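Asks: Next comes the sequence, and after it the predicted model I'd like to discuss.
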Amino acid sequence: MNKLIAAAIAAVALSGAVALAQTNHSGHGEMSPASQAYMDAMTKMDADMGAMAMTGKPGADFALMMIPHHQSAIDMARAYLASGDNDPELTKLSNEIVAAQETEIAFLQDWLKRNGN
């Protein structure tokens, strides 16, 4: 299958998944500010990934697409930390997510630079 067509299919599928998630959550009453932040993070990730031009290079495209994906995880973890919920396990996990995903984004950005992208 043509890589451009495969990327377009993936973007459409991701857009549909985000729309479905938003539809499923919108009927559950009022969202907390944290819940809204989670949805906003997903929407931003979807827009960033959907607008990305594919290079046709599997490694570069993977790295480019993973950066907004990881950033979304960071945004969601930070929203949880800011929520004041303070569950010790989720707080620990959220802090670990931020640290790990920031490290992975830095690696991906460095990899892209080292590989001429």
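Replies: Yep, that arrived.

Asks: tell me what the helix or strand residue 96 falls within is packed against?
Replies: In this assignment (DSSP states H and E), residue 96 forms part of helix 88-114. The contact analysis (3 or more Cβ pairs under 8 Å, 6 or more residues apart in numbering; DSSP states H and E) places helix 88-114 against helix 58-82. C-beta here means a position set from N, CA and C on the backbone, and glycine is covered the same way.

Asks: Just the mean pLDDT for the helix it packs on, thanks.
Replies: Average pLDDT, helix 58-82: 97.

Asks: in it, what's buried?
Replies: Of the residues in helix 58-82, 60-61, 63-81 count as buried by neighbour count, 16 or more other Cβ atoms under 10 Å.

Asks: Can you name every helix or strand that that helix contacts?
Replies: Short answer (3+ Cβ pairs under 8 Å, 6+ apart): helix 58-82 packs on helix 33-50, helix 88-114.

Asks: right, and the ones you listed - which one's nearest residue 56?
Replies: helix 88-114 (14.6 Å; Cβ to Cβ).

Asks: Quick check, residue 42 in contact with residue 69.
Replies: No: counting by Cβ atoms under 8 Å, residue 42 sits too far from residue 69 to count as a contact (10.3 Å).

Asks: any shared contact partners between those two?
Replies: Taking Cβ atoms under 8 Å, 6 or more residues apart in numbering as the criterion, residue 42 and residue 69 do not both touch any residue.

Asks: Residue 63 and residue 79, how far apart?
Replies: From residue 63 over to residue 79 the distance is 25 Å, taken as Cβ to Cβ, to the nearest Å.

Asks: dump the residue contacts of residue 74.
Replies: Applying Cβ under 8 Å, 6+ apart, the residues contacting residue 74 are 97-98, 101-102, 105.

Asks: Now list the buried members of the residues you listed.
Replies: 97-98, 101, 105.
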